[in-house]
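Asker: Sequence first, then the predicted structure, then my questions.
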2 protein chains.
Amino acid sequence: MSKDKKMVREITPQQEDFSRWYIDVIKKADLMDYSPVRGCIVFKPEGFEIWEMMQKELDSKFKETGHRNAYFPLFIPESFFQKEKEHVEGFNPELPWVTEAAGEQLEERLAIRPTSETMIGHMYSKWIQSYRDLPVLINQWANVVRWEKRTLPFLRTSEFLWQEGHTAHETEEEARAETMQMLDIYREFVEDFLSIPVIVGQKTPSEKFAGAIDTFSIEAMMKDGKAVQAGTSHYLGTNFSKAFDIQYLDRDNKQQYAYTTSWGVSTRLIGAMIMVHGDDKGLVVPPKVAPTQVIIIPIGPASKREEVTNKSMELMNGLKQSGVRVRMDTRTDQSPGWKFNEYEMRGVPIRIELGPRDMEKGQVVLVSRISGEKKFVPQDQLNEEVSKMLDEIQKQMYDNAKSFMNSHFNSVETIDEMKAIMEKQRGFVLAGWCGSEVCEHQVKEETGATSRNIPTVVTEHKGKCLVCEEPAKHTVVFGKSY
Amino acid sequence: MSKDKKMVREITPQQEDFSRWYIDVIKKADLMDYSPVRGCIVFKPEGFEIWEMMQKELDSKFKETGHRNAYFPLFIPESFFQKEKEHVEGFNPELPWVTEAAGEQLEERLAIRPTSETMIGHMYSKWIQSYRDLPVLINQWANVVRWEKRTLPFLRTSEFLWQEGHTAHETEEEARAETMQMLDIYREFVEDFLSIPVIVGQKTPSEKFAGAIDTFSIEAMMKDGKAVQAGTSHYLGTNFSKAFDIQYLDRDNKQQYAYTTSWGVSTRLIGAMIMVHGDDKGLVVPPKVAPTQVIIIPIGPASKREEVTNKSMELMNGLKQSGVRVRMDTRTDQSPGWKFNEYEMRGVPIRIELGPRDMEKGQVVLVSRISGEKKFVPQDQLNEEVSKMLDEIQKQMYDNAKSFMNSHFNSVETIDEMKAIMEKQRGFVLAGWCGSEVCEHQVKEETGATSRNIPTVVTEHKGKCLVCEEPAKHTVVFGKSY
Ligand SMILES: [Zn+2]
Ligand SMILES: [Zn+2]
């Protein structure tokens, strides 16, 4: 499509219609396209490169903590799903089935994996014989499919990309430590790398992973006050070990079931990043994850172009050498103003302008995507100033998102209070809960909010259930969720 | 499984049964396992890490030449395959079909992608409107499925991993240049990185990609004399543009069909690498692709262990800092001899031994996996010596493979000569070919060999067809293939 046409199309303001704003932005910034297959999107290069940045960072964190990558089959025999009762109930409604191949009916239907606990459980039962084989610490980067009724690009698509870690351990203690370690890696990654503050906590039984003993999550707040579950880590106990017979001979020569975990984050993080940081000008991408951190735009009349372009090139190479991901836009068929808008829309953290007057003064102009502030910087201090500004932007984005979350975080005593909040500004709501599914269900019915998690750290402990007023067993964060 | 049991199991000698040798080695080196789904393997960490090394290198070569990664859906609507006649004929027999999802019959069956020309063609027709949108240079790393009847781990599996590049251009000239550029990137990668010499050339019409105008390949020779097609690059002309309506407004404001290409290499490269370099001791992995390039094994009595281990650690850190992928084996429940065998079996290029006597002399012992030669090296020259030895091994492996290929490369005048060769030592055979499919078919029937490609560079031009004795149109390389 011609770029001109795209650029003049307006972005719906967030206040007017957040959902339309989101779709406008991801289309305009060229992150994705709809595919002819229902609920499946195409990750275009501008969008996929953000995922590549995330992958690189996460992959190194996984490897640092002793995990290794592997790859397991896409297809899962139907009988595998039957082996873990909760698991089959949780996933059966969303499975696509291969029933024919190479012109013949298959004897057993094959599901396209929605997650790989069953296949990996089957393999681990072959690989794990002795305590000496433990722990097994494996991760897989893969596509998975869940046939969703309502889809939304990045946040909920029928096919999506993710990583799934699957580990097996000698003891419950070790497996629980692994579960929490990976949850903390996710928290650190999402907070430090994506500048998204999260609520860390445990899912209620009705919201946990189908087949898990305990599910832990990190929950992020979008700018429309809705929640996105940004990552989950599951302690599976011996549920899958028993279903798939993952037994090992322990140090006392006795057969034991291994304790397993699984944990994952997906391409929905792209959607969360956009909805947490974006504004009416378009995307805002945190420096650490931005495929392009700095765009250099030479300006001024044609007569000076060569000189300005040469200097820009020199500065670009200097930045590259100091490890900055920088590009230069030398197109002559677009005005500087047009380019400014374009890179703001694409969310590039820093724009550098360089014109003949800057050349005379030996300076460049740095413009921050989040503050719009201009900073005049001596050319020979460019590398340090850029590095400093990238750090500042990264931090400022986190602080802004944190302020937003704090100002949309309420504490209530009754379901009526929560209802009023959910009808207005939404956001997260802290409330007491007795532990009964009936009360949890009633909250959902009446307010549209679901329990996000039981936070690990709360400043306030609630005494009573917001529904039945019985003593609260947990203090829970509720919110409407994507 | 217990490591002890694995280590005592013998590897079948190559001369006795090459196929059994191959399976023994990949199982023993823990590269893969069979899965419960027919023809689908599990890539275990030891195998997957080799693929990760290949990915990293190729990905950077693709990006250097201006390509960007993206991701397209796994599912392809049945109607898409119908649009390109040769394509549907080529791939239909191998497709698995999703017919049900989320409890309902689908209106249109969905194929699991065997390759993505059709899906990507459909998307490109939306994205490409003007010559300003060209070229489009996109690559995808993905899983693909072809329901194979006969499978062999890595070399031919129902599901495999690969990259597929898909580009669109204004002119035939540009598209052809892209086709050849990517072929050359493959050649360079396979020769320099995997130390595998290849024959570069064009496929005959009967062996080309279904839907291509021209297919080019690089062909490698395994140690049993059989061929592996190690990479292909296709010039697709306007075949897919016409089928999917990829039209653009050219510089003269006229509608034109874009010229497209596609190119790919897959996890079969892992199999090729093993079959080219492996020996009766096990794997031999070229240094550039080896996840572990150097293994340090401290030796000597328990009383000296701490001292030796500390020094080993120091040397390891020095090597790491100079960019070497090095590990240390400090297990106390295995003898040094056992460890030597184990890392030879796993194909680690260099072993470093360090014992108390070496400590006294301020030296270490370097042992090359390919020559078995021991080299005594002063500890303070370790980094340079290791770096030199890795380069030498990389080069020596290429030279050895090249000698093997040369000594198994014959030139014949008649089909009877070829038959005699194929019954004995196999290898590649150069012969004249009139260009008729009948003659090509007869070669296959009588000798079991198929045309590998028409080499770009030949030292000898054949005058007559080996079958019909008519004037030769091409000089062709034949071989039995995996
Ligand atoms: Zn209650
Ligand atoms: Zn002939």
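Answerer: Perfect, thanks for sending it. Numbers count the residues shown, from 1 in each chain, chains lettered A, B, ... in the order given. Ligands and ions are numbered 1, 2, ... in the order given.

Asker: what about the helices in the stretch 101-250 of chain A?
Answerer: Remark: helices assigned in the stretch 101-250 of chain A by DSSP state H, counting those that start in this stretch are A:117-127, A:172-188, A:239-244.

Asker: right, and A:Ser411 touches A:Val458 too?
Answerer: No - the criterion here is Cβ atoms under 8 Å, and A:Ser411 misses it with A:Val458 at 9.6 Å. Heads up, the C-betas are built off the backbone N, CA and C, glycines and all.

Asker: list residues touching both of these two?
Answerer: Counting by Cβ atoms under 8 Å, 6 or more residues apart in numbering or on different chains, the contacts common to A:Ser411 and A:Val458 are A:Leu430.

Asker: sec struct for A:Thr261, please.
Answerer: Classification of A:Thr261 using DSSP: H, G, I helix; E, B strand; the rest coil returns strand.

Asker: Now for it, how many residues are close by?
Answerer: Applying the criterion other Cβ atoms under 10 Å in any protein chain shown, we find 29 residues in the vicinity of A:Thr261.

Asker: Can you name the residues bridging to it?
Answerer: According to DSSP bridges, the residues that bridge with A:Thr261 are A:Thr167, A:Tyr235.

Asker: Contacts only, for it.
Answerer: By Cβ under 8 Å, 6+ apart, the residues touching A:Thr261 are A:165-167, A:169, A:175, A:178-179, A:182, A:233-236.

Asker: any idea what sits nearest whatever residue of the stretch 51-200 of chain A ends up closest to ligand 1, other than its immediate chain neighbours?
Answerer: The minimum distance from the stretch 51-200 of chain A to ligand 1, using Cβ to the ion, falls at A:Ile199 (21.3 Å). Spatially, and ignoring its direct neighbours in sequence, A:Ile199 is nearest to A:Glu219 (4.6 Å; Cβ to Cβ, 6 or more residues apart in numbering or on different chains).

Asker: Not counting stretch A:88-97 itself, show me its contacts.
Answerer: A:78, A:81-82, A:109-112, A:114-115, A:145-148, A:209-211, B:75, B:98-103, B:110.

Asker: Where strands are concerned, which of those residues count?
Answerer: A:109-112, A:145, B:75, B:98-101, B:110 (DSSP state E).

Asker: between those residues, which has the most around it?
Answerer: Neighbour-wise, these (other Cβ under 10 Å) top out at B:Phe75, 27 neighbours.

Asker: dump the residue contacts of it.
Answerer: Contacts of B:Phe75 (Cβ under 8 Å, 6+ apart): A:37, A:40, A:96, A:159, B:98, B:110-113.

Asker: Any chance of the backbone angles for the residue located most distally from the centre of chain A?
Answerer: In chain A, the residue that sits farthest from the middle, by Cα atoms, centre = their mean, is A:Ser303; the gap is 47.0 Å. Torsion angles at A:Ser303 (phi, psi; degrees, to the nearest 10) stand at phi -60, psi -30.

Asker: Please apply the same query to the one 4 residues further on.
Answerer: Reported as degrees, to the nearest 10, the phi and psi values for A:Glu307 are phi -60, psi -50.

Asker: Tabulate the contacts of B:Phe75 in CSV, adding columns for distance to B:Ser436 and pLDDT.
Answerer: Putting the contacts of B:Phe75 into CSV (distance: Cβ to Cβ, whole Å; pLDDT from 0 to 100) gives the following:
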residue, distance to B:Ser436, pLDDT
A:Val37, 42, 95
A:Cys40, 44, 97
A:Pro96, 45, 95
A:Glu159, 45, 98
B:Val98, 41, 97
B:Leu110, 39, 97
B:Ala111, 34, 96
B:Ile112, 36, 97
B:Arg113, 34, 97
